[in-house]
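Q: Below are the sequence and a predicted model; questions follow.
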Amino acid sequence: MLKDYFKTAWRNIARGRSYSALNIFGLATGMAVALTIGLWVYNQYSYDKFLPDYQRLYQVTRDFYGNGDTLHYGGSSLKLADALRNQIPEIESIAEAAGGGMHGLMVGSKKLYINGDAVAADFLTMFQFPLLRGQAKRVLSDPYSIVLTENTAKALFGNEEALNKTVRYDNKYDLKVTGILKNIPANSTLQFNFLVPFSFLESTDDFVKTARSRGFGWTSFITYVKVKSGIAYAQVAAKVRDIQKSEKDNSMSMTTNIILDPIERWHLYNNYNTGKPGAGFVEYVRMFSAVGILVLVIACINFINLTTARSEKRAKEVAVRKAIGSGKKELVSQFLIESVVLTFIAFLFSLVFVQLALPSFNILTGDSLEIPFTKPAFWIATGGCVFVTALAAGSRPAFYLSSFNPVKVLKGGLQAGKAAWLPRKISTVLQFSCSIALIISTFIIYQQVQYAKDRPSGYDRSRLMITDMNEELALNYAAIRNEIKQQGIADMVTTASSSITTGGNHRDLEDWPGKRPGEFINMGYIHVSEDYFNTVGITMKEGRNFSGKSDTLNVILNEAAVKLLRLTNPVNQVITYIDTRLQIVGVVKDAIMTSPFAPADPTVFMYEAAPQHVMLYRLSVGIRTGDAITTLKTIFNKYNPAYPFTYTFADDSYAAKFKQEVLIGKLAGLFAALAIFISCLGLFGLAAYMAEQRTKEIGIRKVLGASIHQVWLLLSKDFILLVLISCVIACPIALYFLTGWLQKYEYRISISPFVFVVAGILAILITTITVSFQAVKAAIANPVKSLRTE
């Protein structure tokens, strides 16, 4: 019996090739979209889950309270790490880290300038990244050791064994390779190319040497915590929060709360609004999960509409089957098997579509997604989804077709009236409502990104280059600066403690004019050398610029800092920072160094004659960029032979700030296009079926003098009306959700009614083009042929 069901199903599919092809192609496209989104969503949720005991791993973070605001920071002090280690027995182990940075590694003539970190000896026993060589408990025990990733080891040593070999670190220290790590997975929040022991920094860095003896306010480090097995966060939360109060150091205890941030939330729950943990990127993951389901639902609606629309073609078959004894159960089984066969074929095509689309999708998202063909869990999950999709798409047609009265059908009494078209109209409205809402979302996201991009940044990004400093560059900075200027590569060169596109480090300001009792303010600080403001193009608003070494006890504030401190005449006022009284000599206009969607960060600029961590230089107008980079490489290699010449352009770094929003906009646009494409496939099929059903009516109308335009209007008006209804439904829904989305940006657009009008016109235009093909085809057909055929 089952074999006969499959034979009959295949014959019916083959008999109606055009409608079957539409069904399969539409369903395959919907399933491909759902599968692609499913792979992407799974990848996002898999971040850091590959680590054993990930549920027990945390980062120590702080909520800072000041001037009515709550800010969230990931830095902590070494004193806090020691207090947690000594006072909370529920903590199994703690690992301090420097927070990562770029460093030079050299073996013979091979030079790398790559990202790595200094971590405590317990780091690899807590974060159990797989080691190919060495033991996790021992590889970081020697201060002068280094652990390389597989790729880094290959880049430095080729195919030779790297273990126990020597690597020159920052052209100053020789470190022994004690371990080789398997390459860090792409779905790891922590990314590094090598690790050195934290004890190495404590042996060689003067600041780190004394950091453990300083107060809780010296929050320049990262602290990771692993709690004991069976210990929930709630059991240690209060102890961690109050840890500072048990110490004699109260420098920050009244202004901060200590929080343990679980590793499983680092990637997706990364948004803190006024210090409160928010959803972050997971909101977009959930949104696109819903989009994937909606697109699949749209494809299923196409299947239902096209199948039920062709009911009259199958009516006599159903009547004959019932007349010779087939029951409803057998008929439902027959039609459900047809649905399963069609869905399975569509699934096979969807795998092909996804396989072809993934390379481009990976470029778009920056991921490395692939279909896990070898994993049984994938086939179980997709098999279940295919079965559910087949039931969802085939249930209504199966029960609808099997319910026909055989007597009425065989007498020719089956009429597809308004009642038969109502469900199809409702489902078509649902399809286009979803598609139009996605189109509106794409427009709004694009406008928001462009609005932020067009926002004045407060500095000149054009031709501004940035190079990270190291010890050799710092020693030779004066010579490098002079040679760059002499060769006409750049007119101005300067250094700073942080890049113009990242903002400064934050710390409490201790005193300022008008400070209220118990008030604390946390501000950004950037140390700069001469010509900083002229080089980056930040404009002085009042007062004067730094003039030289005589300004070591003077500072310049930006407008946001003046506003935060409530200073009416800031120039010549005095503030206190780290027990040092500093005089304000000038105020500069705000520059957007952090998020382009947020207000400017209140910042204090301090003069430092010695070269800082970052060199900034603006290329001269008359020189080609390629020629300038070639000359710069020669100059930097002359004075810094142990490191490759590395650089970034400020405009590229600024553009990277929009990466997430641009990605979301592109994905929304892509899926909106696919959703409306699938909807149009169904519309095309329904229009073709309607034209087929009304062939004789159209022929009579033409004989009586109806024009092509009148016939086109007859067949198109109902569909255009449905799309207009979809616009009315989609617009308020899109407005509600997009208004909520925009609220998370302090610098945002106002939604214009023009967007909804454009989206509506676009949807109607697409519908008109889709339906017109069939309508015009029917209108220009010879009425003699349609009236002669019975």
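A: Okay, I see it.
Q: So for this protein, the centremost residue is which one?
A: Q660 (4.3 Å; CA atoms, centre = their mean).
Q: In contact with it, which residues are there?
A: 281, 284 (CB atoms under 8 Å, 6 or more residues apart in numbering). Quick note: C-beta positions are derived from backbone N, CA and C, even for glycine.
Q: For the helix or strand hosting it, what is the distance to the chain centroid?
A: Secondary structure assignment for Q660, by DSSP states H and E: helix 659-693. Mean-position distance between helix 659-693 and its chain equals 23 Å (CA atoms, centre = their mean, to the nearest Å).
Q: again, but for stretch 571-586
A: Per CA atoms, centre = their mean, the centroid offset for stretch 571-586 relative to its chain is 41 Å.
Q: what does that stretch rub up against?
A: Contacts for stretch 571-586 (CB under 8 Å, 6+ apart): 507, 509-513, 525, 540-546, 551, 553-557, 565, 567, 570, 587, 604, 606.
Q: Apply the buried test to the residues you listed and list what passes.
A: 507, 509-510, 512, 525, 541, 543, 545-546, 551, 554-557, 565, 567, 570, 587, 604, 606 (16 or more other CB atoms under 10 Å).
Q: Surely A763 is in a helix?
A: Yes - under DSSP: H, G, I helix; E, B strand; the rest coil, A763 falls within a helix.
Q: and the gap between it and L683?
A: Using CB to CB, to the nearest Å, A763 is found at 11 Å from L683.
Q: Over to T125?
A: 60 Å.
Q: So which of these two has more stuff around it?
A: Looking at T125 and L683 with other CB atoms under 10 Å, you find the greater number of neighbours at L683, namely 24 against 15.
Q: contacting residues for that one?
A: With CB under 8 Å, 6+ apart, L683 has these contacts: 428, 719, 767, 770-771.
Q: just T648 next, same as before
A: So T648 contacts 465-467, 499 (CB under 8 Å, 6+ apart).
Q: P513 now?
A: Counting by CB under 8 Å, 6+ apart, P513 has contacts 565, 567, 573-575.
Q: rerun that using 6 Å as the cut-off
A: P513 sits next to Q573 when contact means CB atoms under 6 Å, 6 or more residues apart in numbering.
Q: Tell me the secondary structure of it, please.
A: P513 ends up coil, using three-state DSSP.
Q: So for it, what's the pLDDT?
A: pLDDT, P513: 90.
Q: Now do it against M523, distance only.
A: Distance, P513 to M523, using CB to CB: 15 Å.
Q: Then L663?
A: 32 Å.
Q: Among those two, which residue is more densely surrounded?
A: M523 (25 against 15).
Q: That one falls within a helix, correct?
A: No - going by three-state DSSP, the assignment for M523 is strand, not a helix.
Q: Now for it: which residues touch it?
A: Here M523 is in contact with 509, 602, 604 (CB under 6 Å, 6+ apart).
Q: cool, and W218?
A: Counting by CB under 6 Å, 6+ apart, the residues that W218 touches are 77, 211.
Q: Kindly report the same for the one 3 residues further on.
A: With contacts defined as CB under 6 Å, 6+ apart, F221 is in contact with 78, 96.
Q: Just the ones in strands from the buried ones among the contacts of stretch 571-586, please.
A: Applying DSSP state E to the buried ones among the contacts of stretch 571-586, the entries found in strands are 507, 509, 525, 541, 543, 554-557, 587, 604, 606.
Q: Show me the two of those that sit farthest apart.
A: R507 and K541 (23.9 Å; CB to CB).
Q: what are the bridge partners for the closest residue to T603 other than its chain neighbours, then?
A: Once flanking residues are discounted, T603 sits nearest to G524: 4.3 Å by CB to CB, 6 or more residues apart in numbering. On DSSP bridges, the residues paired with G524 through beta bridges are H506, T603.
Q: quick one: G524 and G504 touch, right?
A: Yes - assessed by CB atoms under 6 Å, G524 is found in contact with G504 at 3.8 Å.
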